[in-house]
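A.B. asks: I'd like to go over a predicted model; first the sequence, then the structure.
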Amino acid sequence: MTTKRRTFLRVSGAATVAASTGMASILASGRAPVYAQAKTVHWLKWVDFVPATDQMFRRELMPEAEKALGIKMNLETVNGNDLQPRITAGIQSGAGADLIMSFNSFTHLYANSVVDLSDIAEEVGKREGGHYAYAKAICSDGKAYMGMPWAVIGGMIAYRKSWFAEVGVTKFPETWEEYREAGKKLKAKGRPLGQTLGHTFGDAPGFTYPYLWSWGGKEVEADGKTVVINSKATVDSVKFMQGFWKDAHDEGGLAWDDTNNNRAFLSQTISATLNGASIYIESLRRADQYKTEKGEHLNKDILHAPLPKGPAGQFGFHLLQSNMLMKYSKNQDAAKAFLKWLHTEANYEKFFLSQKGFATPTTAKWEAHKLWNEDPVMTPYKVAARLGQAIGHSGPPNAKAQEVLSKYIITDMYAKAVQGMAAEEAVKWAEAELKKVYV
């Protein structure tokens, strides 16, 4: 037997042993699987609203993944509004990032272009007390997981406690009528409410969808086909919004993106805004930079509350993030290995801790984590993933519901009305646009 033949048999034999013992043995040994050698996994995600998280990924988790798995990691971050165009471009060209962060029902919209991740999702769910129904509805069609559930970015109203108290509001308003009256008083003092009605992925639909639902309005019936937006409940919600906007809001917020309201709040030009916890977390991170008009730390004057109740109840729509593995990827095995590694408890916890409660995990186990007891200001975000309602209500959060969201039809209905269109006409416009999608 030649030296080359002996070497070949020894190497191939080792590979057979590795294959038979599976990923667990590979991870335990700290040695990379043969398929992953020299592979590069390109992960495209949003620029996190908690900067410490992206820093941690680059400095810690990505190097650790490369060492543990024997792969190269290319982490690319972009503005959240740029993710969907990148997904579309990758599918059309057949080339792009292997893993792409998905918002809401991108998973359903691009279901034919992604790899089924049920094996990883079900393993993590079984280990961590199950995925919340909200995450399942967004990431799975009942047959496959089109995206690996990652996190829910809870939307709550961040508000200035002392400013509300100055106008006689010591408890955050429970109803839209109460919120409007408080906002009217605050705006009169040069401290309006801040809200976007623009084409931006988080804060605009995060406000307009629950607002619509709270009045009893909805896009379609449960069949997901019958458009019912043109109802008295919807028209009433639009009429109220017209007055609410003029009375209480910074009207320049109409075209804000998901960063403008953060800057407005931190610069103390607005008194409240729907947001993730990033405003508060930033005020903690740079406590000496952000001071109140009295020279005190701004973070001591920030509290969080859910959106108010309407005639039909109280609702929330929170940004669901998952990671999709694209079918065009030539590194599918390596990308799956990375996802599995990333979702081990020790590695996911590093992400979770870096978020300080900004991101809520999608499995029940994390509700018991000690982080939620460390800062009561963050407590309202704890159950965001459990209580979130999906787009398309009362139909399913499918590709059509995502198309409606991506076109900002619900948000635009309100935006048109506050800019002068009659409420009834704005609703008729939305009805026509919805029928183009659903019928």
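C.D. replies: Received it, and whenever you're ready, just let me know what you need. Numbers count the residues shown, from 1 in each chain.
A.B. asks: helices along the stretch 101-250 of the chain, start to end?
C.D. replies: Taking DSSP state H, counting those that start in this stretch, the helices of the stretch 101-250 of the chain run over residues 106-109, 118-127, 133-139, 161-166, 176-188, 203-214, 232-248.
A.B. asks: just after the worst-scoring helix or strand of the chain on mean pLDDT, pick out the following helix or strand.
C.D. replies: Here the helix or strand of the chain ranked lowest by mean pLDDT, DSSP states H and E is helix 3-29, holding a mean of 41. Downstream of helix 3-29, the first helix or strand assigned by DSSP states H and E is strand 40-46.
A.B. asks: what strands line up against that following strand, and which way round?
C.D. replies: As defined by DSSP bridges, the strand partners of strand 40-46 come to strand 72-78 (parallel), strand 99-103 (parallel).
A.B. asks: could those strands go into JSON lines alongside mean pLDDT?
C.D. replies: Shown next, in JSON lines, are the strands paired with strand 40-46 (pLDDT from 0 to 100):
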{"stretch": "strand 72-78", "mean pLDDT": "98"}
{"stretch": "strand 99-103", "mean pLDDT": "98"}
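A.B. asks: pick the most deeply packed of those strands.
C.D. replies: Most buried of the strands paired with strand 40-46, by mean neighbour count (mean count of other C-beta atoms under 10 Å): strand 99-103, with a mean of 26. For the C-beta atoms, the positions are set from N, CA and C on the backbone; glycine is no exception.
A.B. asks: so it versus helix 203-214, what angle?
C.D. replies: Using axes from the mean of the first three to the mean of the last three C-alpha atoms, to 10 degrees, the inter-axis angle of strand 99-103 relative to helix 203-214 is 40 degrees.
A.B. asks: of the strands paired with strand 40-46, which approaches residue 341 most closely?
C.D. replies: Nearest to residue 341 among these is strand 72-78; the distance by C-beta to C-beta comes to 10.6 Å.
A.B. asks: retrieve the pLDDT associated with residue 241.
C.D. replies: As predicted, residue 241 sits at a pLDDT of 98.
A.B. asks: distance of it relative to residue 176?
C.D. replies: 9 Å (C-beta to C-beta, to the nearest Å).
A.B. asks: list residues touching both of these two?
C.D. replies: Jointly contacting residue 241 and residue 176 under the rule C-beta atoms under 8 Å, 6 or more residues apart in numbering are residue 211.
A.B. asks: who's more crowded, those two?
C.D. replies: Shown here are residue 241 and residue 176; by other C-beta atoms under 10 Å, residue 241 has more neighbours (25 against 20).
A.B. asks: quick one, what contacts the more buried one?
C.D. replies: Counted by C-beta under 8 Å, 6+ apart, residue 241 has contacts 211, 414, 417, 418.
A.B. asks: and residue 296, by the same measure?
C.D. replies: Taking C-beta under 8 Å, 6+ apart, one finds nothing in contact with residue 296.
A.B. asks: how about the one 10 residues further on?
C.D. replies: Residues in contact with residue 306, defined by C-beta under 8 Å, 6+ apart, are 156, 157, 314, 316, 380.
A.B. asks: wait, which of the contacts of residue 241 is closest to residue 339?
C.D. replies: residue 211 (35.1 Å).
A.B. asks: tell me how far the closest one lies from residue 217.
C.D. replies: Distance, residue 211 to residue 217, using C-beta to C-beta: 9 Å.
A.B. asks: overlap in contacts of those two?
C.D. replies: By C-beta under 8 Å, 6+ apart, the residues touching both residue 211 and residue 217 are residue 237.
A.B. asks: quick one: the strands in this structure?
C.D. replies: In the chain, strands defined by DSSP state E lie at 40-46, 72-78, 99-103, 148-153, 156-160, 193-194, 272-275, 302-305, 319-325, 359-360, listed in chain order.
A.B. asks: phi and psi next, for residue 117.
C.D. replies: Note on residue 117: backbone dihedrals following degrees, to the nearest 10 are phi -110, psi 30.
A.B. asks: burial measure for the closest residue to residue 247 other than its chain neighbours, as a count.
C.D. replies: Nearest residue to residue 247, sequence neighbours excluded (C-beta to C-beta, 6 or more residues apart in numbering): residue 184, at 4.5 Å. Neighbour count for residue 184, taken as other C-beta under 10 Å: 18.
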